[in-house]
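# Provided below are the primary sequence and the corresponding predicted coordinates.
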Amino acid sequence: MPVQLDKRLLNVNQAAEYLSIGRSKLYQWVRKGEIPSITLDSRRLFDVNDLDEFVERLKEKAGR
């Protein structure tokens, strides 16, 4: 299922798909503090802006 980009907050599956990674890798980066998330009730959500910033940081590290 494609990620809907009209949403500001994505659930775990949507965020992993948005980044083209698996859920376990996403959780690994969350535990390391690389990607921020929020918890609303029992749901972990990711701000699209934070995901975009994370990708930009990765590109900077790679010298792009």
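Received, thanks.
# okay, now the unreliable bits of the chain?
1-5, 64 (pLDDT under 70).
# quick one: the strands in it, in order.
Secondary structure of the chain (DSSP state E): strands located at 9-10, 38-40, 43-47.
# can you list those in JSON lines and add distance to Gly63 and mean neighbour count?
Glycine gets a C-beta too; all of them are placed from N, C-alpha and C. Output for the strands of the chain, formatted as JSON lines (distance: least, CB to CB, whole Å; neighbours: other CB atoms under 10 Å):
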{"stretch": "strand 9-10", "distance to Gly63": "28", "mean neighbour count": "19"}
{"stretch": "strand 38-40", "distance to Gly63": "31", "mean neighbour count": "9"}
{"stretch": "strand 43-47", "distance to Gly63": "26", "mean neighbour count": "17"}
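# tell me which of the ones you listed lies nearest to Ile21.
strand 43-47 (12.0 Å; CB to CB).
# tell me what the closest one is packed against?
strand 9-10, helix 12-19, strand 38-40 (3 or more CB pairs under 8 Å, 6 or more residues apart in numbering; DSSP states H and E).
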